[in-house]
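Peer 1: this one's sequence-less:
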């Protein structure tokens, strides 16, 4: 069983659009995932602008890669290093802790993730 950052079972991050390194909807990871796509984030406009300024435009659709482009409110498995970079710059998006893979903790601190958690109703 894959575990989340809280020690429980890893939950699905998002299926519309389908996210995850393996496009399973989950922030699962493995040896092929060099970017550690382990942080389940709810992207917002500030983060989308930030990541585009760093050379990773997540807003523009790329049909050749089956990528629809993200809009604010979409859930997406982010590279842990990019999320940490955004946090340091003051524009980290909210995260769904139950859907963040435990491997994210090799790069980001649990306290920082908890400070940005999305409160689910």
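Peer 2: Noted; the coordinates are in hand. Predicted model, so just to flag it, every value in this text is computed and none were measured.
Peer 1: any chance you could map the helices in this protein?
Peer 2: With DSSP state H applied, the chain shows helices at 45-53, 80-88, 110-115, listed in chain order.
Peer 1: single out the most deeply packed of the ones you listed.
Peer 2: The highest mean neighbour count among these, using mean count of other C-beta atoms under 10 Å, belongs to helix 80-88: a mean of 19. Where you see a C-beta, it was placed from the backbone N, CA and C, and this is true even at glycine.
Peer 1: could you check the angle that helix makes with helix 45-53?
Peer 2: Here the directions of helix 80-88 and helix 45-53 differ by 120 degrees (axes from the mean of the first three to the mean of the last three C-alpha atoms, to 10 degrees).
Peer 1: before we move on, back to that, among the helices of the chain, which is nearest residue 11?
Peer 2: The closest approach between residue 11 and any of the helices of the chain, judged by C-beta to C-beta, belongs to helix 110-115 at 14.2 Å.
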